[in-house]
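Engineer: This is a predicted model, with the sequence first.
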Amino acid sequence: MGLFDKIKKGLQKTSDAVSRSLDAVFAGFVTIDDDLLEELEEALILSDVGAANAAKIVMEVERRAQRQNVTSALELRYVLKDTLLDMMLDNQPLDVSGKPAVVLVIGVNGVGKTTSIGKLAARYVGEGKKVMLAAADTFRAAAADQLEIWAKRAGADIVRHGEGADPAAVVFDSISAAKARGSDVIIIDTAGRLHNKANLMNELAKIDRVIARELPDASRETLLVLDATTGQNAVHQAEEFNKVAALTGIVLTKLDGTAKGGIVIAISAGLGVPVKLVGVGEGLDDLVDFDRSAFLEAVLPPLEGGIS
């Protein structure tokens, strides 16, 4: 199954729910007036786009529709799709060009962080890369045990210390081991203590200093893992984490489990941080590169007869 089909299949719930909602708006089309625009805004809000983003989208749709002299529901559908495409960030795949490349993964407990790391490790091992996992979440009991299970499953190496150890020391030892073993990618798990931002900020700053000192020329990614099923709460987490870490991308898990995929638009268009990976199933290969065209094709699928 190709990337496009994976995203489309994984987004079935979102596609069905959002399409029904938007189709109801388009079905009632007579002219572009306040009532229609209000219904469109409400449909977007109910899809988890967020109130501010929905208002911005509708304003732009109205502007474009007037400029293009839109007179049919089909034309309005085109305008909405093009507006969303332009407002969302371009596809930005992970940069693991350096050797070793460093991928720092952050996020609160329970969002699928460890699973995402395991799947990402399996992907790179499958591409013939040597992967080193750093178990720098020393705060949560059993975090390193879970990561070790994934390391074995993926065929990756792992460096771990005892519970309560200094996360930066784990990162230092992981980098040393990666250099010695010729690893291509280092993926670092971290503790997700958003409720204590001062501690989190200090911990991430210390880890950052170690990486900058030991691997000054490494390509780097800082990924925030979010659970798509938590909707606007995930958007809030992204806003808060973005204040304490220089995020380069978002990993959105459990996208196949939500009927409100508008969170993708909320993050990409609203927060200005690219969604780089999405979880669209339970399988080892179901963490895929995000593709905005495939996403919009799922949310606004072609109409009967192949017209989109």
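Structural biologist: Good, I have the coordinates.
Engineer: Below-threshold pLDDT in this protein: ranges please.
Structural biologist: Scanning the chain for pLDDT under 70 picks out 1-19, 194-196, 258-260, 302-308.
Engineer: repeat that for 80
Structural biologist: Counting by pLDDT under 80, the chain has low-confidence residues at 1-21, 141, 192-198, 256-261, 281, 298-308.
Engineer: Got phi/psi on residue 219?
Structural biologist: Per-residue torsions, residue 219: phi -70, psi 140 (degrees, to the nearest 10).
Engineer: and if you look at residue 135?
Structural biologist: With angles defined as degrees, to the nearest 10, residue 135 sits at phi -90, psi 70.
Engineer: residue contacts, it?
Structural biologist: Residue 135 makes contact with 143-144, 147-148, 158-161, 170, 189, according to Cβ atoms under 8 Å, 6 or more residues apart in numbering. To be clear about C-beta, it is placed using only N, CA and C from the backbone, and glycine gets the same treatment.
Engineer: Buried subset of these as a ChimeraX selection?
Structural biologist: Selection of buried members from these for ChimeraX, criterion 16 or more other Cβ atoms under 10 Å:
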select :143,144,147,148,158,159,160,161,170,189
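Engineer: Could you point out which of the contacts of residue 135 is nearest to residue 27?
Structural biologist: Within these, the smallest distance to residue 27 is 47.6 Å, found for residue 189 (Cβ to Cβ).
Engineer: so that closest one, which of the three states?
Structural biologist: Taking DSSP: H, G, I helix; E, B strand; the rest coil as the rule, one finds residue 189 in the strand state.
Engineer: residue contacts, it?
Structural biologist: 105, 113-114, 117, 133-137, 143, 147.
Engineer: Once you drop chain neighbours, what's closest to it?
Structural biologist: Using Cβ to Cβ, 6 or more residues apart in numbering and skipping residues adjacent in sequence, the residue nearest residue 189 is residue 137, 4.8 Å away.
Engineer: now the strands for the chain?
Structural biologist: With DSSP state E as the criterion, the chain has strands at 101-106, 131-136, 157-160, 185-190, 220-227, 249-253, 275-279, 287-289.
Engineer: which helices and strands does the third one pack with?
Structural biologist: Translated: strand 157-160. strand 131-136, helix 143-154, helix 167-181 (3 or more Cβ pairs under 8 Å, 6 or more residues apart in numbering; DSSP states H and E).
Engineer: Could you export the ones you listed as CSV, including distance to residue 292?
Structural biologist: Formatted as CSV, those follow (distance: least, Cβ to Cβ, whole Å):
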stretch, distance to residue 292
strand 131-136, 28
helix 143-154, 28
helix 167-181, 33
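Engineer: Indicate which one of these is closest to residue 33.
Structural biologist: Distances from residue 33 to each of the helices and strands packed on strand 157-160 were compared by Cβ to Cβ, and the smallest falls on helix 143-154, at 53.9 Å.
Engineer: Report the angle between the closest one and strand 131-136.
Structural biologist: Per axes from the mean of the first three to the mean of the last three Cα atoms, to 10 degrees, the angle that helix 143-154 makes with strand 131-136 is 170 degrees.
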